[in-house]
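Participant: let me see the structure of the following:
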Amino acid sequence: MTLKIDPSAVQPFKFNPLEAGRAEPEFIVQLLEQFAGTKLSAEKKTSILTVISELPEGAGMRDLYEAIKVQEAASLGVTVELYEALSPVLEALQRMLARGDHGALFEQPADV
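Facilitator: The predicted model follows:
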């Protein structure tokens, strides 16, 4: 006898790290640190934990991403649209600085 399963009756498993980490929000912070490959400052950790606590039940990682983006834009005093426009430029500058290949460009004092 062969057991046949109707594929439309099978619910796909969806792991939501945010729901898994709701009881332990520090789990999400550690997860983000692992993926970023860096330690977050105490201020950034507190900010992320606050954002997580304000998300509604059922929120997912996309919701966390959007909420952090809104929070970061607000902390800089810019709109989300301007923040999105500047993000790739800031990331490119950060990569240039991190590599050290262009380090001399960043040794000059900023006049800003």
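Participant: got the buried residues for the longest helix belonging to the chain?
Facilitator: Assignment by DSSP state H gives helix 80-99 as the longest helix of the chain. Neighbour counts over helix 80-99 (16 or more other C-beta atoms under 10 Å) mark Tyr83 as buried. Yep, even glycine has a C-beta here, placed from its N, CA and C like the rest.
Participant: counting by contacts, list what it packs against.
Facilitator: helix 61-76 (3 or more C-beta pairs under 8 Å, 6 or more residues apart in numbering; DSSP states H and E).
Participant: so what touches the helix it packs on?
Facilitator: 16-18, 28, 47-48, 51-52, 54-56, 79-80, 82-84 (C-beta atoms under 8 Å, 6 or more residues apart in numbering).
Participant: can we see that at 7 Å?
Facilitator: 17-18, 47-48, 51-52, 55, 79-80, 83 (C-beta atoms under 7 Å, 6 or more residues apart in numbering).
Participant: pLDDT wise, what is the one residue sitting closest to the centre of the chain at?
Facilitator: In the chain, the residue lying closest to the centroid (C-alpha atoms, centre = their mean) is Tyr65, at 5.1 Å. Reported pLDDT at Tyr65 in the predicted model: 90.
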